[in-house]
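> A predicted structure for the sequence below; I have some questions about it.
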Amino acid sequence: MAYIFSCKKKTAKSDIEIVFTQDTLQIPYTYWWDEAGPFIGYCGEPYSLVFTGVLTHLEAADEKAGPLYTSQKGVIQLEKVLYINDEIEGKYASQRYVTMDSFHQLDLKVSDKVLVFCYDYENKVTIPGDKSIIKIGDYDHPLVESTKEYIDSGQNVLEIKKDSALWAAYGYCDSFKRILRCKEDSP
């Protein structure tokens with residue numbers, strides 16, 4: 001009788017190994033959404049893409065986009081991809097850079113590190129607004145660790161309930177509590 005044992009460590013959902021290409025993914029801005037950030041929707045809208053990176057280029061704000069929002073384009077070089085929804089057609093495909101025009105009034109500068117939350121809209125990766133881009137001090141920031149736990153739990157906010165004060169300190173108290181209440185009230 002032979003026994004085969006594997007010494008390979010089981011990886012978490014947020015442990016995604018990427019061999020980056022030098023391509024750029026353009027992420028549209030769903031500026032008309034009334035919510036943005038890591039916790040949207042009544043019970044939590046699932047992510048389409050979550051990543052950390054560094055802002056490498058930032059243009060001046062441009063009012064030409066129209067009366068509904070002020071465009072400010074920027075480029076982020078990805079450091080780590082934490083989540084990819086592979087079921088989305090306009091999905092992430094190992095691009096090293098992302099560009100979007102949702103940086104207006106974010107108080108960011110080139111070389112700032114960020115944590116970014118994207119969602120699905122019409123089967124494409126989109127960014128719903130400024131609260132979906134969070135400035136972080138470093139890639140081991142507590143928000144990054146909490147986000148990894150959330151992703152690894154299947155985006156179950158009950159698993160990061162202990163982090164409610166952390167999220168509140170960054171302005172996400174109401175959205176965090178709304179989703180937590182929904183999950184606690186669900187059978």
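Good, I have the coordinates.
> What segments of the protein are strands?
Residue ranges of the strands in the chain, as given by DSSP state E, are 21-26, 47-58, 74-84, 95-100, 113-121, 124-126, 133-136.
> Dump those strands into a markdown table; add mean neighbour count as well.
Placement of C-beta: from N, CA and C, glycine included. Converted to a markdown table, these look like this (neighbours: other CB atoms under 10 Å):
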| stretch | mean neighbour count |
| --- | --- |
| strand 21-26 | 13 |
| strand 47-58 | 20 |
| strand 74-84 | 20 |
| strand 95-100 | 19 |
| strand 113-121 | 22 |
| strand 124-126 | 21 |
| strand 133-136 | 20 |
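> any chance of those in CSV, plus mean pLDDT?
Shown next, in CSV, are the strands of the chain (pLDDT from 0 to 100):
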stretch, mean pLDDT
strand 21-26, 92
strand 47-58, 97
strand 74-84, 96
strand 95-100, 96
strand 113-121, 97
strand 124-126, 93
strand 133-136, 97
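> and the residue most central in space within the chain, what does it touch?
Nearest to the mean C-alpha position of the chain, counting by CA atoms, centre = their mean, stands residue 117 at 1.8 Å. By CB atoms under 8 Å, 6 or more residues apart in numbering, the contact set of residue 117 is 37-38, 47, 50, 127, 132-134.
> Just give me the closest of those residues to residue 155.
residue 47 (6.8 Å; CB to CB).
> Please name the bridge partners of the residue nearest to the centre of the chain.
residue 50 (DSSP bridges).
> longest helix of this structure?
For the chain, the helix with the greatest residue count under DSSP state H is helix 173-185.
> tell me what it is packed against?
Contacts defined by 3 or more CB pairs under 8 Å, 6 or more residues apart in numbering; DSSP states H and E place helix 173-185 against helix 164-169.
> ok, and what's touching the helix it packs on?
By CB under 8 Å, 6+ apart, helix 164-169 touches 38-39, 142-143, 146, 173, 176-177, 180.
> Fine, thanks again, bye for now.
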